[in-house]
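K.L.:
Output the structure for:
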Amino acid sequence: FDDQETYYRYVSHHYPDAGEFAFSGGMFINASCAHFVAIKGELHALEPVIAHETIHALLAHLPIPAWLNEGLAVNTEQRLCPAAQDPRSRPSALQMHQRHKTFWGPEEMQQFWSGQSFLRSDQGNELSYDFARILVEQFAADWEPFVRFACSARLDDAGAQAAKLELGIDLGEAVAAILERP
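P.N.:
Residues are numbered from 1 along each chain as shown. As a prediction, this is how the structure comes out:
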C-alpha cells in the first residue's frame, strides 16, 4: 500500500470489531485467497517484512500456536535480513532480559500461550515477539527434534504435549528457567 492510512483501513477488516491493536509493518492474511500486505517503502525496510510474512504463509497449513509461528518468522527474518536490524536502535541483551523478567507474570504468560499477547498495543507486543524468538532459537539448537516438534505442535495446548514428546521439555519449566524463576 502507498501509505499507512490505506494499509490500516485494509487490515482493519481482518481484526476483531473492538479492541486496541499494535502497529505493524506487514501482515499475512490467511483468508479466502491468502496473501500478505505491507506499506510501500525502501527495499531494505521491506525485505524483513517480506521474509517474516512469507514464513507465515509457508506455515499457514500447520495448526501451530502463535508463539511458535512468530518465533519461526522472527528468527528467519533476522537470519535472512541481518542488515535490516540496527544494533544501536535495540536494547542490549541484558536490558531485554531484565524487561522480560519484569513483564512476564502468570496472566501475561497465559496471554502468550494463547497468542493474545501478540495483539497487545503496549510493550507486551514487542516482548511477545522477542520471547517467541528466544524460545524458538533455544529449542531449535537440536534441529531434528525441533522439526518434529514444530510439525506436531498444536494450537489447543500451545505445543505443550509436542514439547514433552519431541523435545523432552516442559514448556512452563523452560520459561521459568529463562526468566530465572522457580
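K.L.:
Show me the residue at the heart of this protein, geometrically.
P.N.:
Nearest to the mean C-alpha position of the chain, by CA atoms, centre = their mean, lies Glu70 at 2.4 Å.
K.L.:
ok, that residue to Phe118 distance?
P.N.:
From Glu70 over to Phe118 the distance is 6 Å, taken as CB to CB, to the nearest Å. Just so you know, the C-beta spots here come from the backbone N, C-alpha and C atoms, and that holds for glycine as well.
K.L.:
again, but for Met96
P.N.:
Plainly put, Met96 is 17 Å away from Phe118 if you go by CB to CB.
K.L.:
still on that earlier bit, overlap in contacts of Glu70 and Phe118?
P.N.:
Common contacts of Glu70 and Phe118 (CB atoms under 8 Å, 6 or more residues apart in numbering): 128-129, 132.
K.L.:
residue ranges for the strands of this protein, please.
P.N.:
Here the chain has its strands, by DSSP state E, at 26-29, 35-38.
K.L.:
Against which helices or strands is the first one packed?
P.N.:
Secondary-structure packing of strand 26-29 (3 or more CB pairs under 8 Å, 6 or more residues apart in numbering; DSSP states H and E): strand 35-38, helix 43-59.
K.L.:
can I get the CA coordinates of it in PDB?
P.N.:
Provided in PDB are the C-alpha atoms of strand 26-29 (Å, rounded to 0.1, in the frame of the first residue of the first chain):
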ATOM      1  CA  GLY A  26       3.100  -6.000   7.300                       C
ATOM      2  CA  MET A  27       0.600  -8.800   7.800                       C
ATOM      3  CA  PHE A  28      -0.100 -12.300   6.400                       C
ATOM      4  CA  ILE A  29      -3.900 -12.600   5.800                       C
END
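K.L.:
pLDDT of that strand, averaged?
P.N.:
Mean pLDDT, strand 26-29: 87.
K.L.:
Pull out the buried residues from that strand.
P.N.:
Across strand 26-29, burial judged by 16 or more other CB atoms under 10 Å covers 26-29.
K.L.:
Check stretch 4-16 too.
P.N.:
In stretch 4-16, counting by 16+ other CB under 10 Å, buried: 7, 11.
K.L.:
and that stretch, average pLDDT?
P.N.:
On average, stretch 4-16 scores 85.
K.L.:
same check, this time on stretch 126-138
P.N.:
Rounded mean pLDDT across stretch 126-138 is 98.
K.L.:
Tell me, how many residues neighbour the closest residue to Phe36 other than its chain neighbours?
P.N.:
Using CB to CB, 6 or more residues apart in numbering and skipping residues adjacent in sequence, the residue nearest Phe36 is Glu53, 3.7 Å away. A count of nearby residues for Glu53, using other CB atoms under 10 Å, gives 22.
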